[in-house]
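1. kindly generate the corresponding structure for this input.
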Amino acid sequence: QVQLVESGGGLVQAGGSLRLSCAASGRTFSISAMGWFRQAPGKEREFVAAISWSGGTTHYSDSVKGRFTISRDNAKNTVYLQMNSLKPEDTAVYYCARYGRNYYLRGMEPSYWGQGTQVTVSS
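-> Prediction:
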């Protein structure tokens, strides 16, 4: 059974940084692409970033490109999202996701979701 557990969310001032972690269970983590999504109040869930199974390829939404970095440690079954230069509009619940393939293509839907972690950026 696949489980994804996010951590690292919290309250931060605009311009600050946070690092989210997602610990994954399951032997196939190292061959799965992983991603991060977010959902702000009253809005639909949106794609933030994705990373291939090896970490060699990453993708970002335009809204976070240059500020956020996705990475992974397959030895620890963990994927990270380093968030810098945070803005109030980054406030959302952030979800970790696992894809059914070892690569990511735009529009692919994940196979598994975590429960989410709240990130609040104050102005």
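
2. and D73, what does it touch?
-> V79, Y80 (CB atoms under 8 Å, 6 or more residues apart in numbering). C-beta coordinates here come from the backbone N, C-alpha and C atoms, glycine included.

3. what bridges to it?
-> Per DSSP bridges, residues listed as beta-bridge partners of D73: T78.

4. local confidence estimate at it?
-> On pLDDT, D73 comes in at 96.

5. also T91?
-> 98.

6. please apply the same query to the one 10 residues further on.
-> In the predicted model, R101 carries a pLDDT score of 91.

7. which helix or strand contains it?
-> Per DSSP states H and E: R101 is located in neither a helix nor a strand.

8. now do the phi/psi pair for it.
-> Main-chain torsions, R101, degrees, to the nearest 10: phi -130, psi 170.

9. tell me the spacing between the residue lying closest to it once chain neighbours are set aside and E89.
-> If you skip the residues right next to it in sequence, R101 has A33 as its closest partner in space, 6.0 Å away by CB to CB, 6 or more residues apart in numbering. Note on A33: its distance to E89, by CB to CB, to the nearest Å, is 26 Å.

10. ok, those two, which is more surrounded?
-> Just comparing A33 and E89: by other CB atoms under 10 Å the higher neighbour count belongs to A33, 25 against 11.

11. show the contacting residues for E46.
-> E46 touches F37, R38, Q39, S61, counting by CB under 8 Å, 6+ apart.

12. okay, and the beta partners of the residue nearest to the second one when sequence neighbours are not counted?
-> Taking CB to CB, 6+ apart, and ignoring the residues beside it in sequence, R38 has A92 as its nearest neighbour in space, at 3.8 Å. With DSSP bridges applied, the residues forming beta bridges to A92 are V119.
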